[in-house]
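K.L.:
give the three-dimensional model of this entry:
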Amino acid sequence: MTAVPHPRSEAASARSGRLSLAVALLCGALGAAVALLSTRQRWSEGTATVAGGAFPLTAKGSDVTGLPAALAIVGLAALVAVFAVRRAGRFAVSALLALAGAGIMTAALLGATDGSALDEQAAKASGDTTATVASFSHTAWPYAAAVGGALILLAGLLALRYGRLWPAMSGRYERDGTPRPRRAARPVDPDRPEDMWKALDRGEDPTGMDPA
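P.N.:
Below you'll find the predicted structure:
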């Protein structure tokens, strides 16, 4: 015997689905925006020794690593694609969303201590390929990018947990993926002229007679 879902449990599931959807959308969009913005800011600074003395150097996030920006775009695409797929496809896209967030966090935290971009600038400024940057320091922007990645990761985890309760882009298909049956056309009433005209517009014979 099939158990009938309790109305209260269905209402609770619907509320959980709506709440998780709103939080995931907010976290995903905000996280991607923070990650993209952070990569355009100054991540590290230092000095290089040249003939005239110390030469100041700075490096933006995009100079240090291109992964956070690229993964933020992937995360945005995955967040939209969650609503275009179902079942296994939705699970796979949700996992991709979570992995994009985790990747941003990892790349940002590693980039906070990466001085290779400044070393390249020091080598160019001094004309010595073996020159390295001195007095290296970093800003808070790499950690801001990591926070953006954490928000995208949270959106992916919410999609993995509650994605089955979220709606899809097209409402014309049932949960099993089969098209919903169309309603049967109402019989044409010969005493109603508007019904006759509607039947003609549909390409039907309003008299109901088969062509010879």
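
K.L.:
Trp43 and Pro68 touch, don't they?
P.N.:
No: checked against CB atoms under 8 Å, the pair Trp43 and Pro68 is beyond contact range at 10.2 Å. Heads up, the C-betas are built off the backbone N, CA and C, glycines and all.

K.L.:
what residue spans form the domains of this protein?
P.N.:
Domain assignment for the chain by automatic domain parsing gives 14-166, 186-212.

K.L.:
a markdown table for those domains, including mean neighbour count?
P.N.:
Compiled in a markdown table, the domains of the chain are given as follows (neighbours: other CB atoms under 10 Å):
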| stretch | mean neighbour count |
| --- | --- |
| domain 14-166 | 19 |
| domain 186-212 | 11 |
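
K.L.:
Throw these into a markdown table and include mean pLDDT, thanks.
P.N.:
As requested, these are exported to a markdown table (pLDDT from 0 to 100):
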| stretch | mean pLDDT |
| --- | --- |
| domain 14-166 | 90 |
| domain 186-212 | 58 |
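
K.L.:
quick revisit: who touches both of Trp43 and Pro68?
P.N.:
Common neighbours of Trp43 and Pro68 (criterion: CB atoms under 8 Å, 6 or more residues apart in numbering): Gly61, Gly111.

K.L.:
how distant is the helix or strand harbouring Ala29 from the center of its chain?
P.N.:
Element membership for Ala29 (DSSP states H and E) is helix 7-39. With CA atoms, centre = their mean, to the nearest Å as the basis, helix 7-39 stands 11 Å off its chain's centre.

K.L.:
shouldn't Trp43 be within a strand?
P.N.:
Yes: using DSSP: H, G, I helix; E, B strand; the rest coil, the assignment for Trp43 is a strand.

K.L.:
quick one: it and Ala100, what's the gap?
P.N.:
Distance, Trp43 to Ala100, by CB to CB, to the nearest Å: 20 Å.

K.L.:
for Pro68, same thing?
P.N.:
Distance of Pro68 to Ala100, computed by CB to CB: 10 Å.
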